[in-house]
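>>> Quick one: sequence plus predicted model below, questions after.
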Amino acid sequence: MAAQILYRSLGPNYDPLFGQSQANFLSDIYAVSQAIQTTLLLLFGEWWENTNAGTPLFQSVLGSATTAQAIGLVIRQRILSVPFVTGITAMNVTYNPPRQFNFVANVQTSFGPLTVSTQPLQS
């Protein structure tokens with residue numbers, strides 16, 4: 001039996017979507033993409049059920065004496081912790097101290113390759 005992943009879709013404000021039956025669910029590579037996104041957005045200590053889970057953004061990245069390489073390592077570890085992610089083939093991180101970073105990663109999954117990235121907020 002082939003591996004399967006199913007995730008409830010999130011709206012633009014990251015709220016779960018309801019009311020469209022199966023159309024509110026993502027599967028395969030789309031579900032893995034959303035799982036990566038939500039994994040990176042969960043901050044360390046933010047989830048009451050497991051305060052050891054999350055991206056250590058304030059603890060290890062922003063506002064501290066760090067490098068693009070250190071940020072890349074944190075992001076790489078978080079992406080590789082997502083179910084059905086099998087590897088990262090390329091990753092580019094840029095860092096503008098003290099609070100702005102950008103990354104692009106080519107991720108291999110059980111369902112095929114995908115690209116994940118983040119862009120700094122524009123004011």
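Nice, thanks for sending it over. Model, not experiment: these values are computed from the prediction. Numbering: from 1, shown residues only.
>>> chain center to whichever helix or strand Ile29 is part of: distance?
Assigned by DSSP states H and E, Ile29 belongs to helix 28-41. A distance of 6 Å separates the centroid of the chain from that of helix 28-41, by CA atoms, centre = their mean, to the nearest Å.
>>> And the next helix or strand past that helix?
helix 68-80.
>>> So what touches the helix holding Ile29?
4-7, 9-10, 14, 25-26, 55, 75, 78-79, 81-85, 107, 109-112, 114, 116, 118 (CB atoms under 8 Å, 6 or more residues apart in numbering). C-beta: built from backbone N, CA, C; applies to glycine.
>>> again, 10 Å this time
2-10, 14, 25-26, 53-55, 57, 74-75, 78-85, 103, 105, 107, 109-116, 118 (CB atoms under 10 Å, 6 or more residues apart in numbering).
>>> mind listing what the biggest strand by length in the chain pairs with, with the direction of each?
Taking DSSP state E as the criterion, the chain has its longest strand at strand 85-96. Take DSSP bridges as the rule and strand 85-96 pairs in its sheet with strand 100-109 (antiparallel).
>>> Please tell me the pLDDT value assigned to the nearest residue to Ser9 once chain neighbours are set aside.
Among residues not flanking Ser9 along the chain, Leu17 sits closest, at 4.5 Å (CB to CB, 6 or more residues apart in numbering). Looking at Leu17, its pLDDT is 90.
>>> same deal with Pro98?
At Pro98, the model reports a pLDDT of 69.
>>> and what of the one 5 residues further on?
As predicted, Phe103 sits at a pLDDT of 89.
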